[in-house]
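Enquirer: Okay, here's the prediction I keep looking at, along with the sequence it came from:
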Amino acid sequence: MKPHDFVLSATLLLGSVDYSQAADNTLPANASASDLALENARGLAGNDRYLKITEALQCHEIGPDGKPVDAGSEVVNVAVPPTQVFDNLYYIGGTRTGSWLLTTPEGYIMIDSMYGNSPETVTIPGMKALGLDPAKIKYIMITHAGPDHVGGAKYFQEKYGTRILMSQPDWDAILSPQVASWMLDTRPKSERPLQERDWAGSPVIDMVGKEGDTITLGGTTVRIFFTPRRADGGGLSYIAPVFDQGKPHVWATYGNTGVPTSVADRTIHRASIQRFQHEMKLAKVDAITSSHPFVDGSNLRISVLQKREPGMANPFLIGRDTAQNYLGILDECTAVVMGRNAAGLDDNGAPR
């Protein structure tokens, strides 16, 4: 099987992409499990330029330098202009990680809080640029307890009394002695492990999000789903109503896009993805994003949206089938990695 040649660079992750596909996509009769899963992922991406970004990253496609694309940990968090994505949904953050803000007449619900230094350097300045009041953030709902998702929660809890919600395993993780010890590390940030940098401390334990729970504020109800990717891990995903120029739509954000390391955890990860796919289908989700905008093409979508003229479609409105395909790519690319490992290869498909 000939590999697809993907033209990938830093500019792809920041908003431009150019792909060329191999002419021959025929699989041999003895194709491996990883080859079959990879072809499934490519088929789900089709010619959609946003889904191709997801597929290339998650399946570690081969870049122009001859190396697998695995840029997630290398993306520099360059500031993105705070952007109104829907009538009641905003993105505030950077090219690597950010927050989604749902607005209601009674206050705001924020999904993820970025790093410990983000409230004062990114979130609040971004909200003020949009004419939004940070004191109106009533809830912060965490997807998973990475420092780039929960780092800013303590600030809002202490300054504005914002309620903080995450899964019980994630509360356990951020309140552990290991995480608490990060505050005692006196080394310069550049010398600390990546996860410790810009850590401002854990919020006080507050709301525990569980499967089937909801949060309602100002007539907007966010539905909560438990979507772990590890046996002992947490993770929450959300579905909520949004409006585009007054027309109703359904938005979702999936909380765990990265592939875990063990076979057992990858099996759990795939089960979570497939179950959330089912819930999205029932809810008629037609827009889905991550808090990592480089994963789902949101960096590119934002750049397109900022040039939107009357009558132009919103690039975040991808339709129900494409929303399903996005989760399908996450699932199939996990199968790709599992198949490679089972064949004695590393995650990128190289001999170990």
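Expert: On my side now, so go ahead.

Enquirer: Contacts only, for the residue nearest to the spatial centre of the chain.
Expert: Geometric centre of the chain, nearest residue: residue 290, 2.6 Å, by Cα atoms, centre = their mean. By Cβ atoms under 8 Å, 6 or more residues apart in numbering, the contact set of residue 290 is 253, 254, 257, 296, 298. Where you see a C-beta, it was placed from the backbone N, CA and C, and this is true even at glycine.

Enquirer: Equivalent analysis for residue 242, please.
Expert: Applying Cβ under 8 Å, 6+ apart to residue 242 gives the contacts 86, 87, 88, 89, 102, 248, 249, 250, 251, 287.

Enquirer: Out of those, list just those in strands.
Expert: 86, 89, 102, 248, 249, 250, 251, 287 (DSSP state E).

Enquirer: By neighbours, which of those wins?
Expert: When neighbours are taken as other Cβ atoms under 10 Å, the top entry among the ones in strands among the contacts of residue 242 is residue 251 (27 neighbours).

Enquirer: Is it bridged to anything, and to what?
Expert: Following DSSP bridges, residue 251 is listed with bridge partners residue 240, residue 287.

Enquirer: where's the dip in pLDDT among the contacts of residue 290?
Expert: Least confident of the contacts of residue 290 in the model: residue 257, at 89.

Enquirer: Not including adjacent chain positions, what is the nearest residue to residue 246?
Expert: Nearest residue to residue 246 in three dimensions, chain neighbours excluded: residue 87, at 6.8 Å (Cβ to Cβ, 6 or more residues apart in numbering).

Enquirer: Show the subsequent helix or strand relative to the helix or strand where residue 140 lies.
Expert: Following DSSP states H and E, one finds residue 140 within strand 137-141. The helix or strand immediately downstream of strand 137-141 is helix 147-150, counting by DSSP H and E.

Enquirer: quick revisit: which pair in the contacts of residue 290 spans the largest distance?
Expert: Largest separation among the contacts of residue 290 by Cβ to Cβ: 254 and 298, giving 12.6 Å.

Enquirer: where does the protein dip in pLDDT?
Expert: Scanning the chain for pLDDT under 70 picks out the ranges 1-31, 70-76.

Enquirer: Can you pull the domain assignment for it?
Expert: The record assigns the chain these domain ranges, following automatic domain parsing: 6-70, 76-293.

Enquirer: Could you point out the longest helix of the protein?
Expert: In the chain, ranked by residue count with DSSP state H as the criterion, the top helix is helix 320-342.

Enquirer: in it, what counts as buried?
Expert: 322-341 (16 or more other Cβ atoms under 10 Å).

Enquirer: List the contacts of residue 58.
Expert: 41, 257, 259, 295, 329, 330, 333, 334.

Enquirer: Tell me who's in contact with the first one.
Expert: Meaning residue 41. Contacts of residue 41 by Cβ under 8 Å, 6+ apart are 55, 58, 59, 328, 329, 332, 333, 336.

Enquirer: about what we covered before: for the ones in strands among the contacts of residue 242, work out which two are farthest apart.
Expert: Across the ones in strands among the contacts of residue 242 (Cβ to Cβ), the longest gap, 13.9 Å, separates 102 and 248.

Enquirer: so how far is stretch 178-194 from its chain's centroid?
Expert: Stretch 178-194 has its C-alpha centroid displaced from the chain centroid by 25 Å (Cα atoms, centre = their mean, to the nearest Å).

Enquirer: what does that stretch contact?
Expert: By Cβ under 8 Å, 6+ apart, stretch 178-194 touches 173, 195, 196, 197, 198, 199, 201, 202.

Enquirer: now the end-to-end length of it.
Expert: Distance between the two ends of stretch 178-194: 14 Å, counting by Cα to Cα, to the nearest Å.

Enquirer: Which positions in it come out as buried?
Expert: Buried residues in stretch 178-194, counted by 16+ other Cβ under 10 Å: 179, 182.

Enquirer: and if you look at stretch 215-222?
Expert: 215, 217, 220, 222.

Enquirer: isn't the second one right up against residue 106?
Expert: Yes - with contacts counted by Cβ atoms under 8 Å, residue 217 reaches residue 106, the gap being 5.5 Å.

Enquirer: which residues do these two both contact?
Expert: Contact criterion Cβ under 8 Å, 6+ apart; residues shared by residue 217 and residue 106: residue 138.

Enquirer: Now do the contacts for residue 50.
Expert: Contacts for residue 50 (Cβ under 8 Å, 6+ apart) come out as 296, 297, 300, 301, 315, 318.

Enquirer: Helix, strand, or coil at it?
Expert: helix (DSSP: H, G, I helix; E, B strand; the rest coil).

Enquirer: now do residue 316
Expert: Of the three states, residue 316 takes coil according to three-state DSSP.

Enquirer: looking at it, it is touching residue 87, isn't it?
Expert: No - using Cβ under 8 Å, residue 316 is not in contact with residue 87, being 11.9 Å away.

Enquirer: Thank you, goodbye.
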